[in-house]
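Student: From the sequence below, what's the structure:
(one chain, ligands or ions: 2)
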Amino acid sequence: MNSSRENELEAAIRTVELAEAPATRILIADDDALQLEMLEHFLHHRGYEVYTASNGAEAYQMAREHDIRLIVTDWMMPELTGVELCRKLRENEMSGYVYVILLTSRNRSDEIIEGMSAGADDFIAKPFNPEELRVRLEAGQRVLANETRDMAIFMLAKLAESRDPETGQHLERVQRYASVLARTLAKGRRYGDLIDPGFIRTVYLTSPLHDVGKVGIPDAVLLKPGRLTPEEFEIMKQHTLIGARTIEAIIQEYPGVRFLEFARDIIRSHHEKWDGTGYPDRLEGEDIPLPARIVAVADVYDALTSKRVYKDAFSPKKARDILVSDAGSHFDPEVVEAFLACEDEFDQIRRRFNDAAGPSELELAELVQQAESISGD
Ligand SMILES: [Fe+2]
Ligand SMILES: [Fe+2]
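Tutor: Residues are numbered from 1 along each chain as shown. Ligands and ions are numbered 1, 2, ... in the order given. Below you'll find the model as predicted:
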C-alpha cells in the first residue's frame, strides 16, 4: 500500500474539514481612527482575529499577506476607496474567495449597484447596529465555508480519479444518477421521511468520493488492463477500507459533520449487497446506509452502460434488465423501483456526459454563457 498517497488523501480531507470551521480572521479598513478602534474592539470581543488598515491600499496589501477572506471596509478612504479595493481583490483573486462587506453612509440604490458591480457581497449602512454587523458576518462565513468545502471535495474526487484509467466522466454521471435517485426516493413512501433537500445535496456532493480509496491501491492492480485474478480482486476490495479509514480518523476529531458521515458511508459501503454477500462488512438490507445503497445502483448502472477494457458498453435496456433481476439480491428493491421511475433522466445524463462524444450543443451553449459571464460581457 502506498502510504504517501494515503497521507496526501488525509491532508486533502483535512482541508475539506477545515472549511467547515468558520473563517475567524477579519480585516477592517477605515480611515476614521475612532470608528476603526470601535469596530476592532467589538469584533475582538466576538472572537475574531482582527487586522486593521487605515486606507484601501494598505488593506489590499494586508489581505494578500495574511490570506484574509473576510473584509469589512469603509467606502470613502484615501489611496483606494472601498469600491476600488473590491475591484482590485476580484481582479487578482488567488487562492480563494474573499467576502467583502462595504460600509456605506447612505443606503442609496445607485451606491449599492456600484458596490455590487465592483464585487461587494454585502452592505451595512452607517451608523450601524452591531448586532446587524454580527449576523451579516456570520452569513459571510457560511458562504465562505460552503465555497471552500465544495471546491475541496471536488478536488479530492479528481485526485482519486486521476489514478483510475477507466473513469472518463464516470464521476459526473454517478453524481447525477445518485441525486436523481435520491430525489425520486424522497417522493416515495418508504424513504420519503429520511430524505430532505440537504440529503439530496449531500449525496450529490459526496458520491464522487466513492472510490477515493483507490489512491492506496498499487498500480499493478489498479492499472491492470483486463480482468483481475481473485488475489488481485482481494487487494482491489481494500479501496473501501482505505478510503473509510482515512475519513474515520477525521470524524473522530470532528464528530457530527453530516457530509463527512455521508462520505464515510458511501466510501465504505458502496459495494455491499442487499442480501449480505457484498464487501467489506457483508451488511444486509437496511443495515447498509441508504446513501451507499443509492450510489451502488448509480455506480453499477454506469459501469454497465460504459465501455471498459474488458467489455463493451451494454445497451440501457440490458443494463435495466440486470438491475431489475438483481433487485432484492444485489440492490435495494426500493432504489431499483426509483430508477425505473426516472429512467428518462438517466438517459439524458448518459447522453450528456457521454465519454465518446465531444460536448453536446447544450453544453457548448452553457460554456459560451459561462465564458461571457466571467468576462463580464
Ligand atoms: Fe468502488
Ligand atoms: Fe465507481
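Student: List the residues that contact residue 288.
Tutor: 269, 272, 274, 278, 332 (C-beta atoms under 8 Å, 6 or more residues apart in numbering). All C-beta atoms are positioned from the backbone trio N, CA, C, and that covers glycine.
Student: Next, the fourth one: secondary structure please.
Tutor: Right, residue 278. coil (DSSP: H, G, I helix; E, B strand; the rest coil).
Student: what's the answer for the third one, then?
Tutor: Following three-state DSSP, we place residue 274 in the coil state.
Student: wait, it sits on residue 331?
Tutor: Yes. Counting by C-beta atoms under 8 Å, residue 331 is a contact partner of residue 274 at 5.8 Å.
Student: For ligand 2, give me its nearest residue in the stretch 251-377 of the chain.
Tutor: Closest residue of the stretch 251-377 of the chain to ligand 2, C-beta to the ion: residue 299 (4.3 Å).
Student: so that residue touches residue 270, yeah?
Tutor: Yes. Counting by C-beta under 8 Å, residue 299 does reach residue 270; the two are 6.0 Å apart.
Student: returning to what we had before: ok, now which ones touch the spatially closest residue to the residue of the stretch 251-377 of the chain closest to ligand 2 that is not a sequence neighbour?
Tutor: Once flanking residues are discounted, residue 299 sits nearest to residue 174: 5.5 Å by C-beta to C-beta, 6 or more residues apart in numbering. Residue 174 makes contact with 207, 208, 210, 295, 298, 299, 302 under the criterion C-beta under 8 Å, 6+ apart.
Student: again, only using 10 Å
Tutor: Contacts for residue 174 were tallied using C-beta atoms under 10 Å, 6 or more residues apart in numbering; they are 157, 167, 207-208, 210-211, 270, 295, 297-303, 349, 353.
Student: Grab the most central residue of the chain for me.
Tutor: In the chain, the centroid-proximal residue (C-alpha atoms, centre = their mean) is residue 150; its distance is 2.6 Å.
Student: now check the helix or strand the residue nearest to residue 299 falls within, is it near ligand 2?
Tutor: Residue 174 belongs to helix 170-187 when assigned by DSSP states H and E. No. If you take C-beta under 5 Å from the ion as the test, helix 170-187 misses ligand 2, and the best it gets is 5.8 Å.
Student: May I have that helix as CSV, with CA atoms only?
Tutor: In CSV, the C-alpha atoms belonging to helix 170-187 read as follows (Å, rounded to 0.1, in the frame of the first residue of the first chain):
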residue,chain,number,x,y,z
HIS,A,170,-17.9,8.4,-14.6
LEU,A,171,-17.9,10.7,-11.5
GLU,A,172,-20.0,13.3,-13.2
ARG,A,173,-22.6,10.7,-14.2
VAL,A,174,-22.7,8.8,-10.9
GLN,A,175,-23.1,12.1,-9.0
ARG,A,176,-26.1,13.0,-11.1
TYR,A,177,-27.6,9.5,-11.2
ALA,A,178,-27.4,9.3,-7.4
SER,A,179,-29.0,12.7,-6.8
VAL,A,180,-31.8,11.9,-9.3
LEU,A,181,-32.4,8.6,-7.4
ALA,A,182,-32.4,10.4,-4.1
ARG,A,183,-34.9,13.0,-5.4
THR,A,184,-37.2,10.3,-6.7
LEU,A,185,-37.0,8.3,-3.4
ALA,A,186,-37.8,11.5,-1.5
LYS,A,187,-41.2,11.5,-3.1
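Student: Hmm, residue 156 is touching residue 263, no?
Tutor: Yes. With contact defined as C-beta atoms under 10 Å, residue 156 reaches residue 263; the gap is 9.1 Å.
Student: Compare those two and say which is more crowded by neighbours.
Tutor: Shown here are residue 156 and residue 263; by other C-beta atoms under 10 Å, residue 263 has more neighbours (31 against 21).
Student: Just list the residues touching the more buried one, thanks.
Tutor: 13, 16, 153, 156-157, 202, 205-210, 212, 243-244, 246-247, 250-251, 257, 291.
Student: got the residues of this protein near ligand 2?
Tutor: So far as C-beta under 5 Å from the ion goes, the chain lies against ligand 2 at 211, 299.
Student: Show me the chain divided up by domain.
Tutor: Domain segmentation of the chain under automatic domain parsing yields 3-14+23-144, 163-373.
Student: tell me how far whichever strand or helix holds residue 220 is from the chain's mean position?
Tutor: Assigned by DSSP H and E, residue 220 belongs to helix 219-222. Its chain's C-alpha centre lies 28 Å from the corresponding centre of helix 219-222 when counted by C-alpha atoms, centre = their mean, to the nearest Å.
Student: I'd like the next helix or strand past that helix.
Tutor: helix 230-237.
Student: Would you agree residue 271 is in contact with residue 210?
Tutor: Yes. Residue 271 is in contact with residue 210 according to C-beta under 10 Å; the separation is 9.1 Å.
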